[in-house]
Structure formats: structure tokens, C-alpha cells
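> With the input below, show me the fold.
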Amino acid sequence: MKALFILCDTLNRRMLSAYGGDDVALTPNMDRLARRSVVFDNHWCGSAPCMPARRDIMTGRLNFLEKPWGAMEPFDQPLQSILSEEKNVHTHMFADHAHYVITGGENYVKGFTAWEVNRGQECDPIWTRACKDGIRPDTPPAGYKGSWTEAERENRTHFRTEYDYPSVKTMWHAAEWLEENHDEDNFFLWVEAFDPHEPFDCPKYYLDWYEKEGDYDGPDFTHPSYGPNEFTPEETAHLRRRCKALMTMTDRHLGEILDVMDKYHMWDDTMVVLTTDHGYHLGEHGYMAKNYMAPYNEVFHIPMMAAVPGIAPGRCNAVTQNIDVLPTLMEYFGIQEDVLQYPIHGKNLMPLLRGEANQVRDGALYGYFGKQVAWTDGKYTYIHAAKDEANQPLYVYTAMPTVLRQVYGGNDALRTEDYGKIEMGRFLPWTEYPVYRFPADIIHWGNASQEFVGRSSYNAETLLFDIETDYAQEHPIDDSALLAQCRAKLRECMQVCHAPEEQFERLGL
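Numbering: from 1, shown residues only. Here you go, the predicted structure:
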């Protein structure tokens, strides 16, 4: 058995022609894959953003109700470990997601037979130079809007040709590996491109497909800040074109992998899944980026397509999530779920792919840690806010106390005087492994977009939308009976997903 799992970070569903968008990027290779695939129309992220989403995929469990961004836990049983231990599958990762090699990304490569991370994306601190006073300050040019770091500026100076870009290297190396190993068997290839995640940086000839001379004469912004949209309409349009240009570059090198599939007729015996971790706001609802706002469709309604040997291409409208990848690949490789060490939340999608079932779940649960919790059945999206501004009670459960670029200790994300408030015990009902329990209000994570101490003004409303008639989620529904029904569905889904008891209290459920 052979399988490829391809993850393109921040791949916006609404910009893909395979999903019928009206402002699409040029992605002929994704279209090419879609023609061979079952395209999932009602597919959703669970935990966001980056590392929580990856933990969902690798473990088949939602984790955003227990912890924010952080390491893979020592008790986690990731997909790659299951495949190698149960069926002697060679599991191989190619990625340029630098979070795998910095604090907050520990253990995600656990279980891979081999792995490669190409460095230099975004503000990955690989080439940052010193200055005469020590640490070089992050000082943006005059008039700059958006996110700026010296590390990101320095990284760009190393991209002299297209094949110097880290995501291009990732796709290219994966295609080379597939060329060399196409006639081997029993492998799982994880291919993860950081693009089209911001910054929207690529050779100018890709932008030329979208922005002609005279279309825009302002600054060449590439990296929005995580906050309300500070850009003019013209600058916002430029950023959207830059995003689409990067999608096109990513798509071109996806094509190198698909070319190997074609060359050796690998579609006959190799499963290919393409998805993303989450989407991104580019002015919608007045926002840029992700994390701090309500869990709108722009971030959580995501693409997925699966080309499976012996399965006819088509469309699937059943509600699915990325937690379903693990049990689906387990069946594909002939592994029974009784090998799992704990209950999962994901559903095997093979009955949908074979046309044996019309749905595998009634609804999907999703969100960011410590913020609103959302539920959808594909027609309605219901977004439930914390009951009051205190956003309490709320705890972080982990045996690996790290977040993005910080640790819970040493006056980093946690002050030493708060150590006495940390508990340790068997607090999670689904595993006997002991974990730390941190009161969320003692954690001071230096990431404003993902803070959870207190209820943010961006997350204060409970909202209900009919996304069949109002997909842009611009007109909240005020119907007490329908709100009560959706509230009950969300509560039921939280129970099924082993939400900690205090989450129900925090949300007034």
C-alpha cells in the first residue's frame, strides 16, 4: 500500500476553482488532482491554528478544548507511528514548516522513519545576523504596514532563484523521492508546504499573472498583521493578488509530484489526499489573518480532496473534518482501530468514498483554545461565546508545557511566583497519563492574537448563521428556538469530544 498526504498551509478554499470561487487563483494542478478525486465540499478544520491543527490530523482527536498551541504530547499515538508499528510502513516527511524545529513544536516528527525540514520560511531564525549592539532590532521601513521581522527580511535575501524558496524545495525533494521510490511498496509520504501561508513572497513573474502595470502603484506589502484590516482597498486588493500569486507558485510545484504519479501510473495503487490546516482572512469581516476573531468560514471551512485507487471521482457533501484523516488511512492500510490506545474523534471516510454511506457525523466542532466554540451541520454555523468577560474557569492541560517560542516557566510565559498554582494529576478522562493543569489566567503568552486571559471583545458574541443563504456570515439569525437547538447540538458534540467539565461552565452550558 502507498499513500501521499499533501498539506498546503493556509490554502484558502474560496480561491480554488475546484470549489467554485469567484476570485480564484490559477491552480491547474490542484484542478488536475480534483478531477481524479472525491472533492469534499463540507470539510472543516477542528483545532486552529497551525500546530493544534496538525495534532488533530496526526492523532484523530480534537485538542483545542484542552490546550492551545503546543507540543505533541508523550501519550499521543500519531498516525505515522501507527503505520510503522502495525504494518511496517516507511513513513517519510518533507516539510518547510519551521515550527517543527522550534519551541512549541516538539515531538511532531515522532514516528516518522525519516524527515526533512527546509529552513527559512517567514521569521524562521536561521540566518539572522547580529548588529553592533547585539540583537538586531525589528525596525520596519518608514510607512510600512503589516508584520515585520529582521529574520524574515534576512531570509528573503537567500531566495535568489525560485528553487531557493523553502516550499519549492519541499515539493521538489518530495517529487525526487517519489521518482526514486515509485516502485517500492508500503510507504506513507507526508508532503507539507508552508506556502501559501504569509508572507506572500514569490518571484515577481507570478504576481504578473494577476497585477498588470497600472493596477497598483503603492508599497509592495506582503505580510498582513494579525488584527483589523489597516490597509486601503487598493492595498487589500494588492495583498489578495499576492496571495493568489503564491498559491500559483505552490501549485506549480505540486505539479512536479503529480507528474511522477502520472509517469509511473501510480494512481492505480497510491492514495493521494490534499488538504490544509486552516484558511485566512484577507479583508473579510474587516479582518486580516486569523486567531483573534470569531471562527468564521474563511478560516475553518477548508478544502480536501482524496484520490483513492478503485474509487470514482466525484463530490461529497457530508460533514467531515481533518481528524478523519487518521482513521481513513488506517483502514486504507488495513489497520483495525482496536490498536488505538485511547478513543479518537475522527471518523473513517472510506464508507463515504465507496458510496456506502451518506454521512459519518451529524455535525463538526471547531475553534481556538479559550475563545468561542463553534458547531456546524453544513447548513448552520453556531458560534458560542464565553458567558462573561472573565472567561473562567479555564485550564491548560499538558505534559509538555511549551507554546510557540515560549515555555511555561522561568518568567517566560509563566512567572515563577505562580508555580504554586500549577497542579499535576490524571485530569483527562480519556488517558491515564498524568498532565500538568495550568490555570489559564496565569499564562501570559507573548502572542496577542492567541491570548486567552479574559474574553476578547472580538469573541464576545454568540452568533448563528445560515451558510446556505448567507455563506459570508454577514447576517446573524435571531431565532430563539433555533438558537436553543444549535446550543444543544454544540453541547452534545462537546460531550462526545471529551471537553473538560469547566469548558461547559465557562461557556454557560
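> Setting the sequence-adjacent residues aside, check what's closest to residue 183.
Among residues not flanking residue 183 along the chain, residue 264 sits closest, at 7.3 Å (C-beta to C-beta, 6 or more residues apart in numbering). Bear in mind the C-beta positions are built from the backbone N, C-alpha and C, glycine included.
> how far away is the one you found from residue 279?
Distance from residue 264 to residue 279, counting by C-beta to C-beta, to the nearest Å: 33 Å.
> And for residue 496?
Where residue 279 is concerned, residue 496 sits at a distance of 25 Å (C-beta to C-beta).
> quick one: which of these two has more around it?
Taking neighbours as other C-beta atoms under 10 Å, residue 496 and residue 279 compare with residue 279 leading, 24 against 15.
> For the more buried one, give me the backbone phi and psi.
Dihedral angles phi and psi of residue 279 (degrees, to the nearest 10) take the values phi -100, psi -150.
> dump the residue contacts of it.
Applying C-beta atoms under 8 Å, 6 or more residues apart in numbering, one finds that residue 279 lies in contact with 10-14, 45, 290, 297-302.
> Out of those, list just those in helices.
Within the contacts of residue 279, residues falling in helices by DSSP state H are 297-300.
> from those residues, which is closest to residue 135?
Closest approach between these and residue 135, by C-beta to C-beta: residue 299, at 32.9 Å.
> So the closest one sits against residue 282, correct?
No: the criterion here is C-beta atoms under 8 Å, and residue 299 misses it with residue 282 at 11.1 Å.
> burial measure for residue 91, as a count.
Using other C-beta under 10 Å as the criterion, residue 91 is surrounded by 23 other residues.
> How about it, nearest residue that isn't a chain neighbour?
Per C-beta to C-beta, 6+ apart, closest to residue 91 is residue 80, 4.0 Å.
> where's that neighbour relative to residue 277, distance?
Here residue 80 is placed at a distance of 17 Å from residue 277 (C-beta to C-beta).
> neighbour count winner among the two?
When residue 80 is set against residue 277 and neighbours are counted by other C-beta under 10 Å, the residue ahead is residue 277, at 26 against 23.
> Can you give me the pLDDT of residue 124?
For residue 124, the pLDDT comes out at 96.
> Next, the contact list for it, please.
Contacts were defined as C-beta under 8 Å, 6+ apart; by that measure residue 124 touches 98, 102, 151, 155.
> Quick check: it vs residue 447, distance?
From residue 124 across to residue 447, the span is 16 Å (C-beta to C-beta).
> so which pair among the contacts of residue 124 is furthest apart in space?
Put simply, by C-beta to C-beta the two of the contacts of residue 124 set farthest apart are 102 and 155, 14.1 Å from each other.
> So which of these two has more stuff around it?
Counted by other C-beta under 10 Å, residue 102 and residue 155 do not tie: residue 155 has more neighbours, with 25 against 13.
> May I see the contacts of residue 124 arranged in a markdown table, with distance to residue 395, secondary structure and pLDDT as well?
Written out in a markdown table, the entries for the contacts of residue 124 read as follows (distance: C-beta to C-beta, whole Å; DSSP: H, G, I helix; E, B strand; the rest coil; pLDDT from 0 to 100):
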| residue | distance to residue 395 | secondary structure | pLDDT |
| --- | --- | --- | --- |
| 98 | 29 | helix | 96 |
| 102 | 25 | coil | 94 |
| 151 | 33 | helix | 96 |
| 155 | 37 | helix | 97 |
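> which one of those residues sits closest to residue 64?
residue 102 (20.7 Å).
> Next, the contact list for the closest residue to the closest one other than its chain neighbours, please.
Leaving aside its sequence neighbours, residue 102 sits nearest to residue 405 (C-beta to C-beta, 6+ apart; 6.3 Å). For residue 405, the contact set (C-beta under 8 Å, 6+ apart) comprises 102-104, 446.
> List the ones among these that fall in helices.
Checked against DSSP H, the contacts of residue 405 include nothing in helices.
> Got a quick ChimeraX command for the buried subset of these?
Here the buried members of the contacts of residue 405 are turned into a ChimeraX selection, burial being counted by 16 or more other C-beta atoms under 10 Å:
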select :104
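> where are the low-confidence patches of the stretch 301-450 of the chain?
Across the stretch 301-450 of the chain, not a single residue meets the criterion (pLDDT under 70).
> Please enumerate the helices of it.
325-332, 350-353 (DSSP state H, counting those that start in this stretch).
> In TSV: the ones you listed, plus mean neighbour count and distance to residue 429.
Compiled in TSV, these are given as follows (neighbours: other C-beta atoms under 10 Å; distance: least, C-beta to C-beta, whole Å):
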stretch	mean neighbour count	distance to residue 429
helix 325-332	23	20
helix 350-353	20	28
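> Serialize those to TSV and add fields for distance to residue 1.
TSV is the format used below for these (distance: least, C-beta to C-beta, whole Å):
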stretch	distance to residue 1
helix 325-332	7
helix 350-353	13
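> Can you tell me which of those is nearest to residue 394?
Within the helices of the stretch 301-450 of the chain, the stretch nearest residue 394 is helix 325-332; the backing value is 27.3 Å (C-beta to C-beta).
> who does the closest one touch, helix- and strand-wise?
Applying 3 or more C-beta pairs under 8 Å, 6 or more residues apart in numbering; DSSP states H and E, one finds that helix 325-332 makes contact with strand 2-8, helix 50-59, helix 79-87, strand 270-275, helix 350-353.
> Buried deepest among the ones you listed, which one?
The highest mean neighbour count among the helices and strands packed on helix 325-332 belongs to helix 50-59 (a mean of 25), with neighbours defined as mean count of other C-beta atoms under 10 Å.
> From the contact counts, what lies against that one?
Where contact means 3+ C-beta pairs under 8 Å, 6+ apart, helix 50-59 is packed against strand 47-48, helix 79-87, helix 325-332.
> and the longest helix for the protein?
In the chain, ranked by residue count with DSSP H as the criterion, the top helix is helix 233-263.
> pLDDT averaged over that one - what is it?
The average pLDDT within helix 233-263 is 98.
> same question, stretch 42-59
When the per-residue pLDDT values of stretch 42-59 are averaged, the result is 98.
> distance between it and the chain's centre?
On the basis of C-alpha atoms, centre = their mean, to the nearest Å, the separation between the geometric centre of stretch 42-59 and that of its chain is 5 Å.
> let's have the chain start at 816 instead
Sure, I'll start counting at 816 from here, so that last one is stretch 857-874.
> Could you tell me the end-to-end distance of that stretch?
Counting by C-alpha to C-alpha, to the nearest Å, you get 21 Å between the two ends of stretch 857-874.
> quick one, what contacts the residue nearest the centre of the chain?
Centre of the chain computed as the mean C-alpha position; nearest residue by C-alpha atoms, centre = their mean is residue 1092, 2.0 Å away. If a contact means C-beta under 8 Å, 6+ apart, then residue 1092 has 822, 824-825, 860, 863-865, 868-869, 872, 1117, 1137 as its contacts.
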